[in-house]
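[1] Predicted structure and sequence below. I'll ask about it afterward.
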Amino acid sequence: MNTDNITVNTQSSIRIKGSRKVLYFDPFKIEGNPGDADFIFLTHDHYDHFSPEDIIKVAKPDTVYVFPERMKDAVEAFAMDEKHLIPLSPLVVKEYGDIVIRTVPAYNTSLIKPFHKKNEGFLGYEVKMDNTRYYISGDTDETSEAIKNVKCDVAIVPIGGTYTMDAKKAADFVNKLKPEIAIPTHYGSIVGKAEDAETFRKNVNKSIKVVIKIEQ
């Protein structure tokens with residue numbers, strides 16, 4: 001499977017180009033003003049995931065916004081039309097044209113990491129586009145909901161530790177998901193170090209291809 005259509009800008013800022021649609025997830029530190037987003041997915045409202053100045057750079061008049069329900073008031077300022085807003089709760093499936101979206105809870109399971117609480121309704125997304133299933137986990141630890149519900153070809157997961165899984169735990173998570181390809185994010189800038197990507201690669205099962213998109 002070719003992953004040239006996937007870009008990780010920094011942190012968890014992801015762009016996926018399909019045959020007909022361009023998807024952004026948590027746009028952050030975007031260069032220029034590409035204005036090409038058909039969909040913008042937001043996982044939660046922390047500053048490195050919800051950046052209004054970067055949303056403006058990638059958005060266009062008919063961009064569709066997908067986000068946790070709690071963010072509706074903040075996000076509706078960007079949409080030209082109410083029908084372009086898709087507030088979602090965890091564990092729902094939504095079809096929007098040729099895009100199928102499944103929401104997955106994203107949260108910390110450890111009491112010593114209270115940064116992403118389950119009751120806050122933060123989201124990860126499994127998105128099916130062009131017969132490929134992408135799982136963008138958001139800021140999370142391994143959760144039972146993800147293991148039970150996610151069926152993906154490409155898993156994009158955080159590895160930086162502190163606020164999310166570290167590299168070894170992220171590898172364990174991916175090994176349970178069994179995607180064809182795994183891409184690590186959320187390291188090398190605000191948290192985590194470049195070497196985390198290699199730690200992740202070494203601990204992922206050999207049957208899963210690890211693709212490094214954040215080059216240091």
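    In hand now; what should we look at?

[2] Look up the closest residue to Lys213, ignoring the ones flanking it.
    Val8 (3.8 Å; CB to CB, 6 or more residues apart in numbering). Placement of C-beta: from N, CA and C, glycine included.

[3] So the one you found is in contact with Ile183, correct?
    Yes: with contact defined as CB atoms under 8 Å, Val8 counts as touching Ile183 (6.8 Å).

[4] SS state for Pro34?
    Using DSSP: H, G, I helix; E, B strand; the rest coil, the secondary structure recorded for Pro34 is coil.

[5] What residues does it make contact with?
    For Pro34, the set of contacting residues under the criterion of CB atoms under 8 Å, 6 or more residues apart in numbering consists of Lys57, Val58.

[6] Which helix in the chain has the most residues?
    helix 167-177 (DSSP state H).

[7] doesn't Pro87 fall inside a strand?
    Yes: applying three-state DSSP, one finds Pro87 inside a strand.

[8] Tell me, how many residues neighbour it?
    Counted with other CB atoms under 10 Å, the neighbours of Pro87 add up to 16.

[9] who does it bridge with?
    For Pro87, the beta-bridge partners are Phe67 (DSSP bridges).

[10] quick one, what contacts it?
    In this structure, Pro87 makes contact with Phe67, Pro68, Glu69, Met71, Lys72, Val75, judged by CB under 8 Å, 6+ apart.

[11] And the worst-scoring helix or strand of the chain on mean pLDDT, how far out from the chain middle?
    Per-element confidence for the chain was summarised using mean pLDDT, DSSP states H and E. The lowest value among helices and strands belongs to helix 195-203, with a mean of 90. Taking CA atoms, centre = their mean, to the nearest Å, one finds the center of helix 195-203 at 19 Å from the center of the full chain.

[12] Stretch 173-187 too?
    Computed by CA atoms, centre = their mean, the chain-centroid distance of stretch 173-187 equals 12 Å.

[13] what is the mean pLDDT for that stretch?
    The predicted model gives stretch 173-187 an average pLDDT of 94.

[14] What residues sit buried inside it?
    Phe173, Val174, Leu177, Pro179, Ile181, Ala182, Ile183, Pro184, Thr185, His186, Tyr187 (16 or more other CB atoms under 10 Å).

[15] same question, stretch 109-128
    Using 16+ other CB under 10 Å as the test for burial, stretch 109-128 gives Lys113, His116, Gly121, Phe122, Leu123, Gly124, Tyr125, Glu126, Val127, Lys128.

[16] and which of those residues is nearest Phe25?
    Nearest to Phe25 among those is Tyr125, at 7.2 Å by CB to CB.
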